[in-house]
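In: Kindly return the folded structure for what I paste below:
(one chain, ligands or ions: 1)
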Amino acid sequence: MTTAWYLRQAGCEVTVLERHATAAEETSFANAGQVSPGYAAPWAAPGVPLKALKWLATPHAPLHIQPDGSGFQLRWIAAMLANCVPEAYARNKGRMVALAEYSRDQLRTLRTSVDLHYQERSLGTLQLLRTEAQMAAARRDAAILADLGVPHEVLDMDELETVEPALEPVAHKLVGGLRLPNDETGDCHLFTRRLEQLAREAGVEFRYLVEVTRLGKRNGRIDFVELDDGEALHPDVVVLACGSFSRHLALPLGLSLPVYPVKGYSLTIPLTNPDAAPRSTVLDETYKVALTRFDDRLRVGGMAELMGYDHSLDPRRVETLKMVASDLFPLAGDVEAGKPWSGLRPMTPDGTPLVCGTGIGNLYLNTGHGTLGWTMACGSAKVLTDLILGRAPEVDASGLALTRYGRRAQNADHVTDEAAVA
Ligand SMILES: Cc1cc2nc3c(=O)[nH]c(=O)nc-3n(C[C@H](O)[C@H](O)[C@H](O)COP(=O)(O)OP(=O)(O)OC[C@H]3O[C@@H](n4cnc5c(N)ncnc54)[C@H](O)[C@@H]3O)c2cc1C
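Out: Numbers count the residues shown, from 1 in each chain. Below you'll find the model as predicted:
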């Protein structure tokens, strides 16, 4: 949606092709609601392989892996593990923070230029630490944030309660927090739907209930876009922004996008006692669960399952979200009335999205944003618009290109069997 918006603002004629009846019905439907450049970091981090092994045997663990029978899953996990070294982590985090900070600033500019509301709040986000070991790790993170110039505050218990008064009854379970005052929150679904209205008024054409079945290549360019009713479109430029499903359309073109569907869960709880709820987002570091305050709801999101393109709701994961909500804000809302949901994060092994051109002249990518797709949405779309129009992006886009995955990703004759399945 942001790609359509920024391209239209730059004067392009834009048509959005979407297989659902309306916008934001997939991963952008019920995410955790954070616009959080301060927490922009790859999941592939030093220490994660060891933690992952422990999590596999821990109840309420944030990670679950189930073989999906594909070589792609194994290659993706191997590539992710290869990124769990300090140099790769620092490089990837640097790229993500730069794009995410730029993106938050673009979002703020957008909000001042149009009437765009989505139960947004600009009260920062707060990581809750339950152990001294977590507190020590947060101090190390704070040092990295200082290097990157991201404002932050390490809080003791008194300060924590000043920021989030509803934590007072559970203060004995916590040791402190790390606060990112410039982070924002809101409902990504409301944002996307409202931006759709604005984009439509600005002249973007929306075609819903059409599935793109194939991109046809000729003479090194996309010649046609085939729809499920057999119609073929002939656009000048194609932007592939299909979230976790982008890979399926790219494979037959010889492009192996390293974008794996990492399933996450959320639970949206109606508030019965708003004073007992957080004012903004709090993140429980122990369970890697985020709790975000909307006007009259609490959105609880987290978990990571690697098990292919599967949307099923595992009751054990939903139970974890309920447990964390009840543990931190026991009086805030009706947990049992919460609406569970799952979405597939389009994740790259290095956590950094693909915002770039390809070896195919008129084909561009805006996908692979993983855990932080909303946080990076406005910035990615602005960068891509600049690339398409031959302008220099305002942030360094060289690290967002598919070329960082080498020849294997760009000339994927070896994956034609997978392409046939897709
Ligand atoms: C539990 C959870 C919590 C999260 N929390 C946050 C958060 O707090 N902050 C944050 O920034 N990010 C968060 N994320 C990540 C964020 O939601 C995603 O990165 C983002 O929604 C991805 O957006 P997208 O537009 O790339 O993909 P999507 O929203 O999935 O959109 C892709 C669209 O392409 C369409 N499509 C696919 N294939 C075709 C086809 N062949 N033809 C036509 N249409 C097609 C789909 O129908 C879909 O509408 C979270 C994700 C999850 C799962």
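In: quick one: Pro86 from the ligand, how far?
Out: Between Pro86 and the ligand the distance is 25 Å, computed by CB to the nearest ligand atom, to the nearest Å. Glycine gets a C-beta too; all of them are placed from N, C-alpha and C.
In: pretty sure that residue contacts Pro46?
Out: Yes: counting by CB atoms under 8 Å, Pro86 does reach Pro46; the two are 5.3 Å apart.
In: who's more crowded, those two?
Out: Pro46 (14 against 10; other CB atoms under 10 Å).
In: In contact with the more buried one, which residues?
Out: With contacts defined as CB atoms under 8 Å, 6 or more residues apart in numbering, Pro46 is in contact with Cys84, Val85, Pro86, Tyr89.
In: OK, contacts around the first one?
Out: Spelled out, that is Cys84. Applying CB under 8 Å, 6+ apart, we find Cys84 in contact with Ala44, Ala45, Pro46, Gly47, Val48, Pro49.
In: Need the three-state assignment for it.
Out: coil (DSSP: H, G, I helix; E, B strand; the rest coil).
In: Where do the helices of the chain begin and end?
Out: 2-9, 48-55, 71-82, 86-113, 132-148, 157-163, 188-201, 246-250, 315-328, 377-388, 406-410, 416-421 (DSSP state H).
In: returning to that earlier point: list just the nearest of the contacts of Cys84 to the ligand.
Out: Ala44 (16.0 Å; CB to the nearest ligand atom).
In: nearest residue to the closest one other than its sequence neighbours?
Out: Nearest residue to Ala44 in three dimensions, chain neighbours excluded: Asn83, at 3.6 Å (CB to CB, 6 or more residues apart in numbering).
In: For that neighbour, the count of nearby residues, please.
Out: The burial count assigned to Asn83 is 22, neighbours taken as other CB under 10 Å.
In: pLDDT wise, what is it at?
Out: In this model, Asn83 is scored at 97, pLDDT.
In: Repeat that for Gly203.
Out: 98.
In: Tell me the pLDDT of the residue nearest to it when sequence neighbours are not counted.
Out: Using CB to CB, 6+ apart and skipping residues adjacent in sequence, the residue nearest Gly203 is Arg8, 6.0 Å away. What the model reports for Arg8 is a pLDDT of 98.
In: ok, now which ones touch Arg8?
Out: Per CB under 8 Å, 6+ apart, neighbours of Arg8: Val14, Ala199, Ala202, Gly203, Val204.
In: Give the buried subset of those residues as a PyMOL selection command.
Out: Command for PyMOL that selects the buried part of the contacts of Arg8, burial taken from 16 or more other CB atoms under 10 Å:
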select buried, resi 14+199+204
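In: Reformat the contacts of Arg8 as TSV; add distance to Leu267.
Out: Shown next, in TSV, are the contacts of Arg8 (distance: CB to CB, whole Å):
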residue	distance to Leu267
Val14	35
Ala199	30
Ala202	35
Gly203	38
Val204	33
